[in-house]
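Participant: Sequence plus the predicted model coming up.
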Amino acid sequence: MNLDTIYAPATAPGRAGIAVIRISGAQASAALKLMALVPPPRQATLSAFVDPDSGEELDRGLVLWFPGPRSFTGEDVAELHGHGGGAVIAALLSALDRLSGCRLAEPGEFTRRAFQNGRMDLTQAEGLADLIAAETEAQRRQAQRQMDGALGRLYEGWRADLIASLAHLEAEIDFPDEDLPGGLLARQRLRLEALAGEISAHLDDGHRGELLREGCHMVILGAPNVGKSSLLNSLARRDAAIVSSHAGTTRDIVEVHLNLGGYPVVLADTAGLRDSSDAVEAEGVRRAQERGAQADLKIVLYDCAETPIPDAEVLALLGDDGILVANKTDRAATPPTQGLPISTKTGAGLGELLGRLGSEAGQKMGDGGSSGLTRARHRQGLEGCRDALLRAFDEKDEELAAEDVRLAARHLGRITGRVDVEDILDVVFSDFCIGK
C-alpha cells in the first residue's frame with residue numbers, strides 16, 4: 001500500500017498558457033481543501049489556488065477531482081489546471097511540498113501505482129510510454145493498440161489456455177483412479193503443441209514491432225566522393241554532414257532521424273570505403289562496414305558519371321537488403337543502366353528514392369495496426385514460454401511435463417506483470433517523465 005500522497009507537473013516544463021499539476025493518494029482530498037476546493041467528481045470547477053499557510057492567492061484555474069478507485073492510478077486523484085508560468089508552477093509545488101504526507105513523485109510513479117492497483121498491466125504501461133514518445137503515425141497506432149490492451153489480452157489468453165491445460169494434467173496426475181475422460185493427457189499434449197506453434201508464428205515477425213518503436217536503421221555505403229553526405233543532407237533537408245570534394249572528408253558516422261510516410265527511420269552517412277594508410281580514416285571505414293552489417297537496409301551509392309556500370313565491389317555491398325542508387329546523373333554522358341538514378345545536385349530522382357525507402361520501411365515495420373512484439377523482454381519471455389511448451393510436449397514423465405507447463409505460464413505472466421516482476425518494474429517505469 002502506498003502511504004505517501006504524490007504530486008508533480010503533468011505538463012512539459014517551460015512557459016505555456018496552461019500547466020497541470022496532478023496529485024494522487026490518500027491525502028489528495030485534504031490537499032485540495034487546504035489549497036482550493038473539492039468539486040463534484042469529474043466536473044471541472046473554477047477555483048482560487050491559495051497558499052495553505054498564509055491564505056495568499058497563488059493562481060486561479062480549474063480543479064478536477066477523481067475519487068478512487070475510478071481514477072488513473074486507482075487512488076484519489078486531483079488535478080490543478082493553472083497558468084503555465086514558471087513562478088506560478090513553483091509556488092503551487094512549494095505549497096504542496098509543505099503539506100504533511102505529500103512529496104514530489106518519482107519518474108513514472110503515477111503509472112506504476114496504476115499498475116500496482118490493477119488499472120493496467122505492464123504491456124499497457126509500456127504502450128503508454130511509447131505513445132508519449134511516438135513521433136510518427138505508425139508509432140502512434142502501435143502504441144495506442146498496446147495501451148488499449150491488445151498485446152496483454154493476447155498473452156493473457158494464451159496464459160489462460162496454459163492454466164486450463166495444467167489443471168487437466170494435474171488432475172490426471174493427482175487422481176489416477178478417478179473416472180476422468182479418456183485420452184485427456186494426449187489431448188493436452190496436442191493443445192500444447194498447437195499453442196507452441198502459435199507463439200512461434202508470433203515470434204517470427206521480422207522484429208517489426210521493435211523496429212517500429214526504435215526506428216528502421218538505414219545506412220548509406222559507397223566509395224569516397226560518390227555523394228553519400230550530399231544524399232544524407234538532401235534527404236534530411238538540412239546540412240547534417242560536411243560535404244567536400246576532398247575524398248575522405250567523412251570519418252565518423254553521422255545520423256539523422258527521418259519520418260518517411262509515417263515510419264521512423266534512422267539514416268546514417270558513413271566514411272567512403274577504400275583502403276587507407278591513414279589510421280583515422282581506416283577506423284572510419286571499419287565503422288562503416290560494421291554499421292552496414294548491422295543495418296536493416298543498405299543504400300549503396302555509386303557515381304554513374306565516373307563509372308557508368310557499377311563494379312563488383314559495389315554490387316557486393318548490396319547483399320540481400322540493399323538498394324542500388326546511381327548518383328550524379330546530371331553529369332553522366334548516358335543514363336545509368338543499373339540502379340535508381342538520382343542527382344543530389346539537381347534533386348532529380350530524390351522523390352522516387354524517398355518513396356522507395358518509405359515502402360521498404362513499411363514492409364519491414366508493418367502499419368502498427370497488429371499486436372506485435374515491441375520490446376526485447378517480450379521476446380525473451382515468449383521464447384522461454386515456447387521452449388518450455390516444446391519440452392512439455394516431448395516429456396514422457398507427466399509430472400515433469402506439468403512443471404514445464406507451469407513454467408511456460410509463468411513466462412507469459414512476467415510479460416504482463418501477473419507474476420514475479422518486482423525486479424523489472426524499475427526498468428519499465430524509468431522510461432516515464434516525472435508527472436506520468
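Facilitator: Arrived safely, thanks for sending. Remember, predicted model here, so these are calculated numbers, not experimental data.
Participant: for Ser100, what are its contacts?
Facilitator: Gln27 (C-beta atoms under 8 Å, 6 or more residues apart in numbering). For the C-beta atoms, the positions are set from N, CA and C on the backbone; glycine is no exception.
Participant: secondary structure class for it?
Facilitator: With DSSP: H, G, I helix; E, B strand; the rest coil as the basis, Ser100 sits in coil.
Participant: Model confidence for it, exactly?
Facilitator: Predicted confidence (pLDDT) for Ser100: 92.
Participant: Need phi/psi at it.
Facilitator: Phi and psi for Ser100, reported as degrees, to the nearest 10, are phi -60, psi 130.
Participant: do the same with Asp51
Facilitator: Per degrees, to the nearest 10, the backbone of Asp51 is at phi -70, psi 130.
Participant: Can you tell me how far the spatially closest residue to it that is not a sequence neighbour is from Ala16?
Facilitator: Of all residues beyond its chain neighbours, the one nearest Asp51 is Ala95 (5.4 Å), with distances taken as C-beta to C-beta, 6 or more residues apart in numbering. Here the criterion is C-beta to C-beta, to the nearest Å. By it, Ala95 lies 20 Å from Ala16.
Participant: what sits against the residue nearest to Asp51?
Facilitator: Contacts of Ala95 (C-beta under 8 Å, 6+ apart): 35, 49, 51-53, 58.
Participant: and it, what element?
Facilitator: In this structure, Ala95 sits in helix 86-97 according to DSSP states H and E.
Participant: other SSEs contacting the strand or helix carrying Gly351?
Facilitator: Assigned by DSSP H and E, Gly351 falls within helix 350-365. For helix 350-365, the packing partners by 3 or more C-beta pairs under 8 Å, 6 or more residues apart in numbering; DSSP states H and E come out as helix 208-214, strand 216-222, helix 228-236, strand 254-260, strand 263-269, strand 297-303, strand 322-327, strand 340-341.
Participant: Quick check: neighbours of the helix or strand following the helix holding Ala95 in the sheet, parallel or antiparallel?
Facilitator: As assigned by DSSP H and E, the chain's next helix or strand after helix 86-97 is strand 102-104. Strands that pair with strand 102-104, judged by DSSP bridges, come out as strand 5-9 (parallel).
Participant: And the contacts of the strand it pairs with?
Facilitator: 19-28, 31, 89, 93, 96, 99, 101-106, 109-110, 113, 434-435.
Participant: run the last query once more with 6 Å
Facilitator: If you take C-beta atoms under 6 Å, 6 or more residues apart in numbering as the criterion, strand 5-9 is touched by 21, 23-25, 27-28, 96, 101-102, 104-105, 109, 434-435.
Participant: Please compute how far that strand lies from its chain's middle.
Facilitator: Counting by C-alpha atoms, centre = their mean, to the nearest Å, strand 5-9 is centred 26 Å from the centre of its parent chain.
Participant: Stretch 197-214 too?
Facilitator: Centroid separation for stretch 197-214 versus its chain: 13 Å, with C-alpha atoms, centre = their mean.
Participant: and that stretch, which residues are buried?
Facilitator: Burial within stretch 197-214, assessed by neighbour count using 16 or more other C-beta atoms under 10 Å, is assigned to 199, 202, 207-213.
Participant: Go through these and say which is closest to Leu80.
Facilitator: For the buried residues of stretch 197-214, the closest approach to Leu80 (C-beta to C-beta) belongs to Arg213, at 33.1 Å.
Participant: thought that closest one was touching Thr374?
Facilitator: Yes: contact criterion C-beta atoms under 6 Å: Arg213 and Thr374 qualify, at 4.9 Å.
Participant: Run through the stretch 251-400 of the chain and note the low-pLDDT ranges.
Facilitator: Under the criterion pLDDT under 70, the flagged ranges of the stretch 251-400 of the chain are 251, 367-371.
Participant: Contacts for stretch 40-58, please.
Facilitator: With C-beta under 6 Å, 6+ apart, stretch 40-58 has contacts from 34-37, 39, 59-60, 62-65, 67, 91-92, 95.
Participant: Restricted to helices, list the residues you listed.
Facilitator: Under the assignment DSSP state H, those contribute 34-35, 91-92, 95 to helices.
Participant: Domain map for the chain?
Facilitator: If you go by automatic domain parsing, the domain ranges for the chain are 5-105, 123-205+372-429, 212-365.
Participant: Let me have the ones you listed in TSV, adding distance to Asn117 as columns.
Facilitator: TSV is the format used below for these (distance: least, C-beta to C-beta, whole Å):
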stretch	distance to Asn117
domain 5-105	3
domain 123-205+372-429	12
domain 212-365	26
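Participant: And Arg145, how far from Leu128?
Facilitator: For Arg145 relative to Leu128 (C-beta to C-beta), the value is 12 Å.
Participant: Same check on Ile342?
Facilitator: 41 Å.
Participant: Kindly report the same for Leu46.
Facilitator: 30 Å.
Participant: Looking at those two now, which is surrounded by more residues?
Facilitator: Between Leu46 and Leu128, counting by other C-beta atoms under 10 Å, Leu128 is the more crowded of the two (21 against 12).
Participant: Name the nearest residue to the more buried one, ignoring sequence neighbours.
Facilitator: Using C-beta to C-beta, 6+ apart, the closest residue to Leu128 is Met147 (5.0 Å).
Participant: Test my guess that that neighbour contacts Gln124.
Facilitator: Yes: contact criterion C-beta under 6 Å: Met147 and Gln124 qualify, at 5.4 Å.
Participant: okay, how far is it across stretch 393-401, tip to tip?
Facilitator: 7 Å (C-alpha to C-alpha, to the nearest Å).
Participant: nope, stretch 31-51 is what I was after
Facilitator: 11 Å.
Participant: Pull out the buried residues from it.
Facilitator: Here stretch 31-51 shows 31-32, 34-36, 38-39, 47, 49-51 as buried, counting by 16+ other C-beta under 10 Å.
Participant: Next: stretch 101-113.
Facilitator: 102, 105, 107-113.
Participant: What of stretch 359-375?
Facilitator: 360-362, 364-366, 368, 371-375.
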